[in-house]
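Following is a predicted model, sequence given first.
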Amino acid sequence: MNIGVVTFPGSNCDADARHASALTGNTVHSLWHKDTALPSGLDVIILPGGFSYGDYLRTGAIARFSPIMTEVVRFANAGGLVFGICNGFQILCEAGLLPGALIRNQNLSFVCKDVFLRVENTDTPFTNICSPGQVLRVPVAHGEGRYTASADVIKGLEDSAQVLYRYVTPDGQVTDEANPNGSLNNIAGVTNAARNVMGLMPHPERACELLLGSDDGLTVFLSLARHCNVGVA
Amino acid sequence: MTRLTREIRIRSPCKSYRPESPLSTTMKTFTANITVTLRRAILDVQGKAVENALHSLHMPGFSDVRIGKHIELSIQATDAEAASAQLREACDKLLTNPVMEDYHFTLNETAAVEAA
């Protein structure tokens, strides 16, 4: 697969995203926020975590108008796979590629720890290698991760199985205690109606080697590879 | 030579800001004060924390604390209506996120400038 990783001013997980992409046998393309064209043959674009533009105004609000975002939106609208991690998720919401918004954590604290995620829908390019209800251990690191949307939007997401990951206990139970930021319905990750754009607050790219405590994050990269019919050694 | 080039560079973009209608040559400057708050339906956890702090300072009379953002800016426009329209566009596109925020603004004319 060809994976492009965008670097915005203030991105700080772009190197991790490139590392995880390379680890799973992909060709990695570094993309710059000022780029006005994408390399040909891209399969996936990753918007990485960080604090693009210092989180000024709102998280992702300014990055969403970066020159490269015009191309990212065009790529997504043409069916290309786009994956936003943490700040990347916030940018995708600001850009209107995903519904909802991410606001200040309910406890007002920056939360940085491992959480457990339950895979809610395995019929997507991002989760197809998982088993239904599989629980993954992946770290979060954010101050603005409380997923919110109007009641109608939340109902629409739930009814059409667009909620891909939920914060749960290690044994897969949805509880308030397992929710690190107060997200509605414990939502950690969602996809769009066409299922080619995903936003996820936790960081799977930081959980791709057992040396780091978990390699459950590999499931996203391996699912993308399977979706693109690429064998991974 | 250098000086001439500089003058041309400064002047040429200014021309594009002239109003299209030849009749309206006067641009006015407005100051806008924009207040942005989380939508009512969204729990304002900062507001709640501040409210609790007020109560713990033995000021029990306060309630409904909302924390928001204040943005000041200047706009050049032919009249207040045009300034409002520009401001609403800026608020809807960039300054606020309608998914989570509401806004309101006040607009005051500060000076009139004769376009050259």
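Done, it's in.

helix or strand right after the lowest-mean-pLDDT helix or strand in chain B?
Lowest by mean pLDDT, DSSP states H and E among the helices and strands of chain B is helix B:2-15, with a mean of 38. Sequence-wise, the next helix or strand downstream of helix B:2-15 (DSSP states H and E) is strand B:26-38.

Between strand B:26-38 and the helix or strand just after that following strand, find me the angle.
Note on strand B:26-38: by DSSP H and E, the next helix or strand toward the C-terminus is helix B:45-56. If you take axes from the mean of the first three to the mean of the last three C-alpha atoms, to 10 degrees, helix B:45-56 sits at 70 degrees to strand B:26-38.

tell me the mean pLDDT for the helix or strand just after helix B:45-56?
The helix or strand immediately downstream of helix B:45-56 is strand B:68-77, counting by DSSP H and E. In this model, strand B:68-77 has a mean pLDDT of 96.

who does strand B:68-77 pair up with?
Using DSSP bridges, strand B:68-77 pairs in its sheet with strand B:26-38 (antiparallel).

Averaged pLDDT, the strand it pairs with. What do you get?
Strand B:26-38 comes out at a mean pLDDT of 95.

wait, what's in contact with residue A:34?
Applying C-beta atoms under 8 Å, 6 or more residues apart in numbering or on different chains to residue A:34 gives the contacts A:66, A:67, A:68. Any C-beta I mention is one placed from the backbone N, CA and C, and that applies to glycine too.

Now for the first one, how many residues are close by?
Using other C-beta atoms under 10 Å in any protein chain shown, residue A:66 has 21 neighbouring residues.

Same question for the second one.
When neighbours are defined as other C-beta under 10 Å, residue A:67 has 12 of them.

That one touches residue A:37, doesn't it?
No - assessed by C-beta atoms under 8 Å, residue A:67 is found out of contact with residue A:37, at 9.7 Å.

Return the distance of the residue of chain A found nearest chain B relative to residue B:35.
Across chain A, the shortest distance to chain B (C-beta to the nearest C-beta) belongs to residue A:101, at 4.2 Å. Distance, residue A:101 to residue B:35, by C-beta to C-beta, to the nearest Å: 19 Å.

And residue A:41, by the same measure?
From residue A:41 to residue B:35 the distance is 48 Å (C-beta to C-beta).

So which bits of chain B are right by chain A?
B:38, B:41, B:42, B:43, B:45, B:46, B:49, B:94, B:95, B:97, B:99, B:100 (C-beta under 8 Å from any C-beta of the partner chain).

let's go with 6 Å and repeat that
B:42, B:45, B:97, B:99, B:100 (C-beta under 6 Å from any C-beta of the partner chain).

Understood, closing this out.
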